[in-house]
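Trainee: next comes the sequence, and after it the predicted model I'd like to discuss.
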Amino acid sequence: MSHSLDFLSHFNAKGFALEKGVFSSNNISVLETEFDRIVAQLQFSGEHINAGWGSELTHHIENSDSEVIHTHNIQSYSSIMLEMIQHEKLLNLSESLMGPDIILHHTKLFLKPQKKGSAFPLHQDWSYFPTENNSMIAAVIHLSDSTEKMGRFRVIPESHKLGKIENSDGHSRVPEIHDNYTLDSAKPVEAKRGDVLFFHCCTIHGSMPNLSDKPRKTILIQLYSGKDKVIDNNQHTNVQLVLRGWNYHATRNSVSTIKS
């Protein structure tokens, strides 16, 4: 799929689009080195870094010791990761989906270790960081190949058209989602190193466990329009870094880490 009207029309129709080869093999090799360095620093820190869901929805398909190593805001670890977020082709693709005003909400690192990488239950992202106009999108950068056995992303095509489903965070069974869709029936997205998967905040998605002998490495970037506004009282980290254009709702108080 090329950067074209096909990319945009596929995203609008299906709620997701995979763009191949956004990052070159040289880019990805550098990013993977930084990724591994961040993981090593996290492991050395002694913090709780296992972000496995521990959900009743997936306990039957994953090992009891399953894990996914995770941190927010990789740009706070590495200038190379900050440069990655500002990659021209990544932002061009994002702009085609959401317009010229692009705000970074946050980034996440996910490492699904070999043999015991956690599954992700079907869920929607909007419930974690809702915005008034529903402009939030995710861009998932693949630093490793993502095969079936590695627990690749799975999506429910066109599910973004369902809109916001209450309690859809994946931590409990929601009939509107889990009576109608399963991880098995969700569409698998087979991605290679350097590919980027974009999806809408209301697109239902999840992933199987990594049972392969290779780790699965991804970086997730959450972006929203500068003309949109994160709903008040949301506690999720919101960096509000303007990557392109303008943040029309920024105020002295909203961009401060100390609220007055």
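Mentor: Here it is on my side, so go on.

Trainee: count of neighbours near residue 88?
Mentor: 7 (other C-beta atoms under 10 Å). Heads up, the C-betas are built off the backbone N, CA and C, glycines and all.

Trainee: numbering from 46 from now on, please.
Mentor: OK, 46 is where the count begins now, so the last one is residue 133.

Trainee: where's it relative to residue 139, distance?
Mentor: Note on residue 133: its distance to residue 139, by C-beta to C-beta, to the nearest Å, is 11 Å.

Trainee: do residue 53 as well
Mentor: To residue 139, residue 53 is 11 Å away according to C-beta to C-beta.

Trainee: ok, these two, which is more surrounded?
Mentor: residue 139 (22 against 14).

Trainee: for that one, helix, strand, or coil?
Mentor: Recorded secondary structure, residue 139: helix (DSSP: H, G, I helix; E, B strand; the rest coil).

Trainee: what's the residue closest to the geometric middle of the chain?
Mentor: By C-alpha atoms, centre = their mean, the mean C-alpha position of the chain lies nearest to residue 265, the distance being 3.6 Å.

Trainee: host element of that one?
Mentor: strand 261-270 (DSSP states H and E).

Trainee: pull the distance from that strand to the chain's centre.
Mentor: Centroid separation for strand 261-270 versus its chain: 4 Å, with C-alpha atoms, centre = their mean, to the nearest Å.

Trainee: and after the longest helix belonging to the chain, which helix or strand comes next?
Mentor: Assignment by DSSP state H gives helix 70-90 as the longest helix of the chain. Sequence-wise, the next helix or strand downstream of helix 70-90 (DSSP H and E) is strand 114-117.

Trainee: and that next one, what does it pack against?
Mentor: Judged by 3 or more C-beta pairs under 8 Å, 6 or more residues apart in numbering; DSSP states H and E, the packing partners of strand 114-117 are helix 70-90, strand 147-157.

Trainee: just say which of those is most tucked in.
Mentor: strand 147-157 (a mean of 24; mean count of other C-beta atoms under 10 Å).

Trainee: now the helices and strands packed on strand 114-117 as TSV including mean pLDDT and distance to residue 271?
Mentor: Formatted as TSV, these follow (pLDDT from 0 to 100; distance: least, C-beta to C-beta, whole Å):
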stretch	mean pLDDT	distance to residue 271
helix 70-90	97	26
strand 147-157	98	5
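
Trainee: mind listing what the nearest residue to residue 188 once chain neighbours are set aside touches?
Mentor: Nearest non-adjacent residue to residue 188, counting by C-beta to C-beta, 6 or more residues apart in numbering: residue 262, 4.0 Å away. Counting by C-beta atoms under 8 Å, 6 or more residues apart in numbering, residue 262 makes contact with 77, 80, 155, 156, 157, 187, 188, 189.

Trainee: hey, what's residue 262 bridged with?
Mentor: Residue 262 has these beta-bridge partners by DSSP bridges: residue 156.

Trainee: confidence score at it?
Mentor: With respect to pLDDT, residue 262 scores 98.

Trainee: against residue 156, how distant is it?
Mentor: Applying C-beta to C-beta to residue 262 and residue 156 gives a distance of 6 Å.
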